[in-house]
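# Predicted model, plus sequence, below.
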Number of protein chains: 2
Amino acid sequence: MCKAAHEKQSTLSVIDKDFTILYNNKKEVCKLSEQIVIVYILVIGNNRFAMKNGKVGGAIVAAKEISMAVIKRLPKYYRNLGELLEKQVERISSKELSERMQVTASQIRQDLNNFGGFGQQGYGYNVEYLYTEIGKILGLTRKYHMIVIGAGNLGQAIANYTDFEKLGFVLECMFDQKESLIGTEIRGVKIADVSELEEYMKHHAVDIAAITIPKDHAPELAASLVKWGARAIWNFAPTDLHLPEEVKVENVHLADSLMRLSYSIKKE
Amino acid sequence: MCKAAHEKQSTLSVIDKDFTILYNNKKEVCKLSEQIVIVYILVIGNNRFAMKNGKVGGAIVAAKEISMAVIKRLPKYYRNLGELLEKQVERISSKELSERMQVTASQIRQDLNNFGGFGQQGYGYNVEYLYTEIGKILGLTRKYHMIVIGAGNLGQAIANYTDFEKLGFVLECMFDQKESLIGTEIRGVKIADVSELEEYMKHHAVDIAAITIPKDHAPELAASLVKWGARAIWNFAPTDLHLPEEVKVENVHLADSLMRLSYSIKKE
């Protein structure tokens, strides 16, 4: 992790994906790769004080790493806060949020402290603010163009999920090889012949390609998708794809989920 | 965690779900709840030596905890080993398995060491043995009776997944409220009227109830299922269920998965 600056005259700027700390006239650039760095700076007169966990820690600039474990929990926060917003709840205490999310209140406070002073003692969290900030961290401030390859039951289930679109994931086209499906539409989304996929990808910016075809053909399809420019794969095929490191893959392995369930049943 | 016995005259027995350590004539019973305890004992003459990570550690009985992180990775091992078995691969080195599973070889060795000496230097892992042992840990040595409530696209996708049955998860019946679906069959599995669900559960031992209905009705349905005897829920509704602690819940939150993907895309 990048060093934090320990000098009064420190300045810090966040530029796009990197952040720069300038102290004692030496510049240090930190890459934001697996970590997010959050810095709270309180300016009093000419001094900058660092805030960490809501406390003023001294005249330093503190950098805090957010673990992948916290990042993985963020969608759950986002979903629960979204449900609260729908019910027009404006504020929630860590205790109430804890009951709702079935994690301890101390875990909630610890998680949310990572993102600065969202909560206030005896006042609770501002639901909308927290929802917006977590949405930003999750990259939900833009639209993602999505295609689905495999228009069977699973592909159709995805197409029928209106929630995805609300989050910004817009399904643009589906592909299949089945004659009876080609040319039909699901909720206004066209099912095209999979043989047109390469041509389609030449002319469309595809952010996410979802694979819902049987596992035997999935590795080959994934490799082709990457060759044609796909940079993120949402994989439902029950196999691990071997793709270049820069390609983002998120797996939904249903059988793995069932096995975790049988494990819990067994150990009862 | 339960104390390990540190005396030569220690004895240890694993009885059903608990294990008992007897040392200095004091008996200590450990509950196996969130952890699995693995103990290797080597008996030489009247002495018992503990083995940990394949090395003889001294005249003690060592107990080792397997973390939930390892448990969560087991389905992936099981799936990959199953694929190797299908290809009639008998042995695999940690290096090859590491390339296949996209984790480091040292991680593989560390994970599998938890389960005793499955591997041998220069010889590799016996694929079938490892597959069988991990299957036992995951509870895959028996059949699980499963029902699906919601016979829409997602429910039908589950019904059409032959892999689940191969693992021992047998879909016995589906339920829906849609007139056009009731009475039809998917791959030989009947779709019944959801109004018959309570009666069905009185007369059938249901191990796992999968919920693939919209989120608004899911909490109420889950509560009813628990009231009628369900002890494990496979939840696809995009909401967190609030059920008694003894009910095992495994969530497949597709939107959460998409959000992890947008997070990875954003931080690129």
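Structure received.

# So what does the closest residue to chain B within the stretch 1-150 of chain A look like in phi/psi?
Residue nearest to chain B within the stretch 1-150 of chain A (CB to the nearest CB): A:G139, separated by 2.9 Å. Yep, even glycine has a C-beta here, placed from its N, CA and C like the rest. When read as degrees, to the nearest 10, the backbone of A:G139 gives phi 80, psi 30.

# Count the residues that sit near it.
Using other CB atoms under 10 Å in any protein chain shown, A:G139 has 19 neighbouring residues.

# what does the stretch 1-150 of chain A put close to chain B?
Proximity of the stretch 1-150 of chain A to chain B (CB under 8 Å from any CB of the partner chain) is limited to residues A:17, A:32-33, A:36, A:71-72, A:74-76, A:78-80, A:83, A:100-102, A:137-140, A:144.

# returning to what we had before: against B:L225, how distant is the spatially closest residue to the residue of the stretch 1-150 of chain A closest to chain B that is not a sequence neighbour?
Distances taken as CB to CB, 6 or more residues apart in numbering or on different chains place B:K266 nearest to A:G139, at 2.9 Å, with adjacent residues excluded. Plainly put, B:K266 is 38 Å away from B:L225 if you go by CB to CB, to the nearest Å.

# Check A:E179 too.
40 Å.

# Those two: who's more crowded?
More crowded of A:E179 and B:L225, by other CB under 10 Å: B:L225, with 24 against 8.

# Determine if any part of the helix or strand hosting the more buried one is in contact with chain A.
Here B:L225, judged by DSSP states H and E, is contained in helix B:218-227. No. If you take CB under 8 Å from any CB as the test, helix B:218-227 misses chain A, and the best it gets is 10.9 Å.

# which is the next helix or strand following the helix or strand containing A:A69?
Element membership of A:A69 [criterion: DSSP H and E] is helix A:68-86. Later in the chain than helix A:68-86, the nearest helix or strand by DSSP H and E is strand A:91-92.

# Can you give the contact residues for that next one?
A:84, A:100, A:123-127 (CB atoms under 8 Å, 6 or more residues apart in numbering or on different chains).

# ok, 6 Å please
Contacts of strand A:91-92 with the rest of the structure, by CB atoms under 6 Å, 6 or more residues apart in numbering or on different chains, involve A:124-125, A:127.

# From those residues, which shows the smallest pLDDT?
Across the contacts of strand A:91-92, the bottom pLDDT score, 83, is held by A:G124.

# out of everything not next to it in sequence, what's closest to A:I213?
Counting by CB to CB, 6+ apart, A:G150 is the residue found nearest to A:I213 once chain neighbours are left out, at 3.9 Å.

# That neighbour and A:K215 touch, don't they?
No. Counting by CB atoms under 6 Å, A:G150 sits too far from A:K215 to count as a contact (11.3 Å).

# Compare the two and say which one has the larger neighbour count.
For A:G150 and A:K215, the more surrounded residue by other CB under 10 Å is A:G150, and the numbers stand at 26 against 16.

# Report the separation between the more buried one and A:I233.
Using CB to CB, we find A:G150 at a distance of 13 Å from A:I233.

# hmm, back to that, if I look at the residue nearest to A:G139, how far off is B:A151?
Taking CB to CB, one finds B:K266 at 37 Å from B:A151.

# Neighbour count for these two, which is higher?
Shown here are B:K266 and B:A151; by other CB under 10 Å, B:A151 has more neighbours (26 against 16).

# isn't that one right next to B:L181, touching?
Yes. Counting by CB under 6 Å, B:L181 is a contact partner of B:A151 at 5.0 Å.

# pLDDT value on the residue positioned nearest the centre of chain A, please?
Nearest residue to the geometric centre of chain A (CA atoms, centre = their mean): A:L138, 3.8 Å. With respect to pLDDT, A:L138 scores 94.

# Report the contact partners of it.
Shown in contact with A:L138 (CB under 6 Å, 6+ apart): A:74, B:259, B:262-263.

# So for the closest residue to chain B within the stretch 151-268 of chain A, what's the pLDDT?
Using CB to the nearest CB, the single residue of the stretch 151-268 of chain A nearest to chain B is A:K266, 2.9 Å away. pLDDT recorded at A:K266 is 88.

# what is the mean pLDDT for stretch A:100-111?
The predicted model gives stretch A:100-111 an average pLDDT of 87.

# What are the buried residues along it?
Within stretch A:100-111, the residues that count as buried by 16 or more other CB atoms under 10 Å in any protein chain shown are A:100-101, A:103, A:108-109, A:111.

# and which of the residues you listed is nearest A:M174?
A:M101 (34.0 Å; CB to CB).

# Check the gap between that closest one and A:L154 for me.
Separation of A:M101 from A:L154 (CB to CB): 28 Å.

# again, but for A:K202
Applying CB to CB, the value for A:K202 to A:L154 is 26 Å.

# now the helices for chain A?
Along chain A, the segments classed as helices by DSSP state H run A:68-86, A:94-101, A:105-113, A:127-137, A:153-160, A:162-167, A:197-203, A:218-227, A:254-266.

# Take those helices and write them to a markdown table, including distance to B:D193.
Below are the helices of chain A laid out as a markdown table (distance: least, CB to CB, whole Å):
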| stretch | distance to B:D193 |
| --- | --- |
| helix A:68-86 | 30 |
| helix A:94-101 | 33 |
| helix A:105-113 | 41 |
| helix A:127-137 | 39 |
| helix A:153-160 | 21 |
| helix A:162-167 | 26 |
| helix A:197-203 | 41 |
| helix A:218-227 | 36 |
| helix A:254-266 | 26 |
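
# Which of those has the highest mean neighbour count?
Comparing those by mean neighbour count (mean count of other CB atoms under 10 Å in any protein chain shown), helix A:153-160 comes out on top with a mean of 23.

# so does it get close to chain B?
Yes. With CB under 6 Å from any CB of the partner chain as the measure, helix A:153-160 is seen reaching chain B through A:153-154, A:156-157.

# Include distance to A:D193 and pLDDT when you put the residues you listed into JSON lines, please.
As requested, these are exported to JSON lines (distance: CB to CB, whole Å; pLDDT from 0 to 100):
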{"residue": "A:N153", "distance to A:D193": "19", "pLDDT": "96"}
{"residue": "A:L154", "distance to A:D193": "19", "pLDDT": "96"}
{"residue": "A:Q156", "distance to A:D193": "17", "pLDDT": "97"}
{"residue": "A:A157", "distance to A:D193": "21", "pLDDT": "96"}
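
# contacting residues around the nearest residue to A:A105 once chain neighbours are set aside?
Among residues not flanking A:A105 along the chain, A:S98 sits closest, at 3.9 Å (CB to CB, 6+ apart). Residues in contact with A:S98, defined by CB under 6 Å, 6+ apart, are A:104-105, A:108.

# could you dump the residues you listed to CSV with distance to A:D163?
What follows is the contacts of A:S98, written out as CSV (distance: CB to CB, whole Å):
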residue, distance to A:D163
A:T104, 28
A:A105, 28
A:I108, 24
